[in-house]
Structure formats: structure tokens, C-alpha cells
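A.B. asks: Quick one: sequence and predicted model below, then my questions.
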Amino acid sequence: MSAHSDDSQTESLPPIAPDFRTPEMEMAEKGAGVPDASELALEDINPLNAHLFRENRWHSHFARLRAEDPVHFNELETAGRYWSITKYDDIKAISSRPEIFSSAHGISLGFKVGTEAQGAFPPSQAPFISQDGKQHDEQRATVQPSVAPRNLAKLEPMIRERTRELLDSLPEGATFDWVDAVSIELTTLMLATLFDFPLEDRRKLTRWSDIVFAIPQPGGVVETQEQKRAELVECVQYFSHLFDERRGREGNDLVTMLANGESTKHLTAAEQLGNLLLLIVGGNDTTRNTMSGSVYAFDRFPDEFAKLQADPGLVKKMVPEIVRWQTPLSYMRRTALEDVEFGGKQIQKHDQVLLWYVSANRDEDVFPDGDTLDLDRPNAARHLSFGWGPHFCMGSRLAEMQLRVLWEEALPRFERIAVQEEPERIFSSFVKGYAKLPVQVRRR
């Protein structure tokens, strides 16, 4: 099926201003090779820099903030004032107070509250994760049944069969990209199933997922903001056609649920774009990067892999520890609705607050030696990779099931999955993951 043009559905996607840039674009302009945190003045530490994540050099920056300034202030021209929250208990405390720290202005660092940036999506296109209270609860409830335990139990045999077929097809003794061949393929097949999306077009979902938080740069995932907008218009057009097909029908797929749900059926595809992209990224990026991260982690910590091989029953303990160690989304944002003192700092109304899950999951007070993968870690399930509070990831159980099934099927098949060179990492401080991971497999 091809996308159908529908100008009425795409007019609400704003034009791009010639000088448009996001806060992440502004930070990226500061360049690569940021000094180690020990070489910087405390006020000059800014963990938002995507180069730190692509270079896998973020650890010392968060470690110093946790130790010296766990509620840390920065300011950018585009974003205005914002705070980095890096300690586990502080993040839980803020997540538990939506009446003060709201999700309603966006999930990643955005423009100054109250400023209209031409090229940004208007509030009508905000996903339910960027809403609070009743509106959030109603829209979330519309799609929640797709990942309810009963539906997951129905999905698991299909996930297992697809995983077996894919792992059996992998070449032995030849280098291939685990990200593309395994992680993307398995998660995109799963996402296409949840959407009842044409399987022949499933890699469109991968592409739309990739561009949502991509920072435009020459040779990057997208090169310009105009290109990014054009591809999101294609996404709107494609789903507009699917919505039109499924309105008034019954079905358990996400598109039918959104097209007919009481709180979502009045929305156009353009207005649904935020929800669609949330579900695409949530169902694709996070699981795929944890799948890739598990291979990379076991290559770095071979004793832990040997422990798993000796006792495959450890897979269930492995899953939360891998999710903690990887932390596929680095942070989520809240916005202060009033002046408030927190952690001895004066947070002002409209300040943005970044909850750095990637730091909380390394917090020495909760996870000793957190940079190390430890399958015997007793409290791994307390990780914050899925968030905390009313916005806890609704697809967490599906992600855990996919990771569990992958390793239940990989262990009897492979003696080793050997990483051939350091992975190419995603250029983002929001999505923490892998663009390429060259590996070779040795079968049993």
C-alpha cells in the first residue's frame, strides 16, 4: 500500500523557519571532544551534549553531578532555564508530583515555555505522555489493552517463532550488523503486528522512529529540519489512510483503537501524530536498543555471559539488569508549574526539569558499581528505565518479554556472539542506543 496525499491532514504540520533549531541542535553545535568532567568547572558541565553519548563518554559527567550538584542548572538560548536531576530518589520524588512538575509541555528538552518556535509541533499534536491528569489517563487507556497481560500471552508464541526463524537464519563466521539483522527486524515485526501495519512496509516504522529525535546534521539520519518534516508528513499521510479504513470497525490493533476510542476518534491523523510517534518510538527504539545493548554488555562482561550459559534460568534475572545497564531513553522532561524549592535550589515557574534515568540507574547509593553488569544484582528491578509514577511505560512488559524470548532462544543456539568492533552509537542525548553493532556468531 502506498501513502495517500491528503492536504487537509497535513496543513497542521507547521512550516520550517529558515533559522529553526532545537535545544539539542544548539548543544550539538558546541562540538565533539568535550573534556572529561574532571577538567570542567562545575557550572560548565552540561550532559545534554549528544556528542557525549555518541562517544560513550557521559559517565564521568553524571558521576560528578551526582556527587557535587545533583540538582544542576544550565541555560540555553533556545531552551531557556533547565535543571538536570541525577539522583535516584530525587527523580522518584519529582515524578510523584505531577501537580507541580508537569508533563504537559513535552518529554524532551524543548523551547522556552510561552515562546512560539516556528517548526515545532503545536500542543494539539502532543502525545498522551505529554499530558497530565484525566486527558492523559483517557488516551492512555484507549491503547492500554494492546499490551495487557492477556494480549501478551497471545503474542508470545508468535514472537518466539519469529525469533527462532531469524536466529536460525543468521550467518556463522561472517560479520553482520546485529542492530539491523536482529534488533530492528524483531521489534519492527512486533510493532507492525500491534498496528496491524502492512508487513511489506514495516521498515517505514523503523525510519519514522529513527527521525523523531534525530539531530539534523550532514551525513546524519536526517540532514535538515525540512527533510525531517517532509518524512513526518509522509507518516501522517500513511496513517491517515489507515485511520480512514478502520473508523467504525472493531479491532485490537493500535490504529483501530485510536481511530475509534472515545477520547481519540475526533482527532485527525495530524493531531494523532504525537501519539503515533510515541507508540512507534516506545515500541521500537527502546526494545531494539536494549536487545543490541544486551549483546554488547555480554561481550564486555564475558563472565556474566558464562554464568547465564551455565544456568539459563537466570534469564529472568538478566532482563531487568540489562534494562538498567542500557537505559534506552536517557531522560524525560517535566516543567515546573510554580516556583518551588527542590534539593536546596530555587526552581522557577516554567523552568524545564530533566529526569536523567541514565544517571539514576548508576546512582551509587542504590546500585553499587552500577557501570558493571551483574546478573546477581539483588535490586535490578528497581531501575528507572521505564520511568516512575503515572507515566510509567505502558509497554514495559512487552519489552521485557521480547528481551527474555530473544535470550531463551539464543542461549541454546550460540556458543558466542562476538562483537567485532566498537558499536556506532546514536547521535542523541535522549535516545541512548546503537546505530550499528558488527558481530559474528559461533553456533553450538
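C.D. replies: Cool, the structure landed.
A.B. asks: Please look at I184 and R207 and confirm they touch.
C.D. replies: No - here I184 lies out of contact with R207, judged by Cβ atoms under 8 Å, at a distance of 10.3 Å. In short, each C-beta sits where N, CA and C put it, glycine included.
A.B. asks: more neighbours, these two?
C.D. replies: More crowded of I184 and R207, by other Cβ atoms under 10 Å: I184, with 23 against 15.
A.B. asks: Distance-wise, check the more buried one relative to E55.
C.D. replies: 23 Å (Cβ to Cβ, to the nearest Å).
A.B. asks: Then I211?
C.D. replies: 22 Å.
A.B. asks: more neighbours, the two?
C.D. replies: Using other Cβ under 10 Å, the more surrounded residue of I211 and E55 is I211, with 20 against 14.
A.B. asks: What strand or helix carries that one?
C.D. replies: Secondary structure from DSSP states H and E places I211 in helix 202-212.
A.B. asks: tally of neighbours for Y88?
C.D. replies: 24.
A.B. asks: mind listing what E304 touches?
C.D. replies: 297-298, 373-375 (Cβ atoms under 8 Å, 6 or more residues apart in numbering).
A.B. asks: correct me, but V255 touches L242?
C.D. replies: Yes - using Cβ under 8 Å, V255 makes contact with L242 at a distance of 5.0 Å.
A.B. asks: hey, what's in contact with both of these two?
C.D. replies: Joint contacts of V255 and L242 (Cβ under 8 Å, 6+ apart) are 195, 197.
A.B. asks: for the protein, longest helix please?
C.D. replies: The longest helix of the chain (DSSP state H) is helix 269-300.
A.B. asks: buried ones in it?
C.D. replies: Residues of helix 269-300 classed as buried: 269-299 (neighbour count, 16 or more other Cβ atoms under 10 Å).
A.B. asks: all strands for the chain, in order.
C.D. replies: 71-76, 80-85, 101-102, 176-177, 331-336, 340-342, 345-347, 352-356, 414-419, 424-425, 434-436, 438-443 (DSSP state E).
A.B. asks: Could you count how many residues lie near the nearest residue to R397 once chain neighbours are set aside?
C.D. replies: Spatially, and ignoring its direct neighbours in sequence, R397 is nearest to L152 (5.9 Å; Cβ to Cβ, 6 or more residues apart in numbering). Residues contacting L152 under the criterion other Cβ under 10 Å number 17.
A.B. asks: for L152, what are its contacts?
C.D. replies: 397-398, 401.
A.B. asks: can you check L403 too?
C.D. replies: Taking Cβ under 8 Å, 6+ apart as the test, what L403 contacts is 287, 290-291, 294, 319, 322-323.
A.B. asks: could you redo the last one with a cut-off of 7 Å?
C.D. replies: 290-291, 294, 319, 322 (Cβ atoms under 7 Å, 6 or more residues apart in numbering).
A.B. asks: ok, now how distant is it from L109?
C.D. replies: 28 Å.
A.B. asks: Check L267 too.
C.D. replies: 26 Å.
A.B. asks: what do you get for E250?
C.D. replies: 40 Å.
A.B. asks: These two: which has the busier surroundings?
C.D. replies: L109 (25 against 7).
A.B. asks: My guess is the more buried one contacts T22. True?
C.D. replies: No - the criterion here is Cβ atoms under 7 Å, and L109 misses it with T22 at 8.2 Å.
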